[in-house]
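1. dropping the sequence and predicted coords here.
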Amino acid sequence: DTGVSQDPRHKITKRGQNVTFRCDPISEHNRLYWYRQTLGQGPEFLTYFQNEAQLEKSRLLSDRFSAERPKGSFSTLEIQRTEQGDSAMYLCASSTGQATPEAGELFFGEGSRLTVL
Amino acid sequence: SQQGEEDPQALSIQEGENATMNCSYKTSINNLQWYRQNSGRGLVHLILIRSNEREKHSGRLRVTLDTSKKSSSLLITASRAADTASYFCATAPSGGSYIPTFGRGTSLIVHP
């Protein structure tokens, strides 16, 4: 399977614990995005990488959130000191971004669902 | 913040009927994209229409874009039960934005 993969698919944790999600994008894609989606809502942008550089972060990404993309390959999203409000689906997407400078088709993973008790 | 807003929020139709969903947005855009999401799954890209295009077709899908009204519509013809899903529009503001911004979506139920 050469699509975007996310791990774990489901995570249940207690409030105050740290969690980390991993995303493996399609190998030739240089752009990688993280979105958060709550029930009944559309995906909300969190952050975006062009290769290994984190180029933009949403104000939704509080200081408890950190994302990395070492060597421009896989990415991790860590949430420290989780709160119940962090419960959501965390979606990763990648795109080529080579043909045009504008945003093109995103390829999404199946998401990592976080439940904070 | 949500740039695009879909309408209606929910749509229930019978198999074989056409389904029309609308998307309105606020700022000038480079392109507008439609995505589909089955319950609990990731999003799947359906179609992209650029700001200088007015209509685009892909199989049973027809997308229109009216930049003067800042709106788009997605038409699914001859719907099937398998089309049951949530549909989202995503806009990329003009000025070289790399970040598609999604609306809240339309939940479509197609009854067999």
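-> Noted; the coordinates are in hand.
2. C-alpha only now, for contacts and for neighbours.
-> Will do.
3. and the nearest residue to A:K14 once chain neighbours are set aside, how far from B:G42?
-> By the measure of CA to CA, 6 or more residues apart in numbering or on different chains, the closest residue to A:K14 outside its immediate chain neighbours is A:L117, 4.8 Å from it. A:L117 sits 24 Å away from B:G42, going by CA to CA, to the nearest Å.
4. next SSE downstream of the helix or strand of chain B with the lowest mean pLDDT?
-> The weakest-scoring helix or strand in chain B, judged by mean pLDDT, DSSP states H and E, is strand B:5-7 (a mean of 86). Per DSSP states H and E, strand B:5-7 leads on to strand B:10-14 as the next helix or strand towards the C-terminus.
5. mean confidence score for that following strand?
-> Strand B:10-14 shows a mean pLDDT of 96 in the predicted model.
6. okay, now the sheet partners of that strand, with direction.
-> strand B:106-111 (parallel) (DSSP bridges).
7. give me the more crowded residue out of A:L117 and B:G42.
-> Neighbours were counted for A:L117 and for B:G42 using other CA atoms under 10 Å in any protein chain shown; B:G42 has more, 22 against 13.
8. how about the contacts made by the residue nearest to the more buried one when sequence neighbours are not counted?
-> Excluding its sequence neighbours, the residue lying closest to B:G42 (CA to CA, 6+ apart) is A:E110, at 4.2 Å. Applying CA atoms under 8 Å, 6 or more residues apart in numbering or on different chains, we find A:E110 in contact with A:4-6, A:9, A:91, B:41-43.
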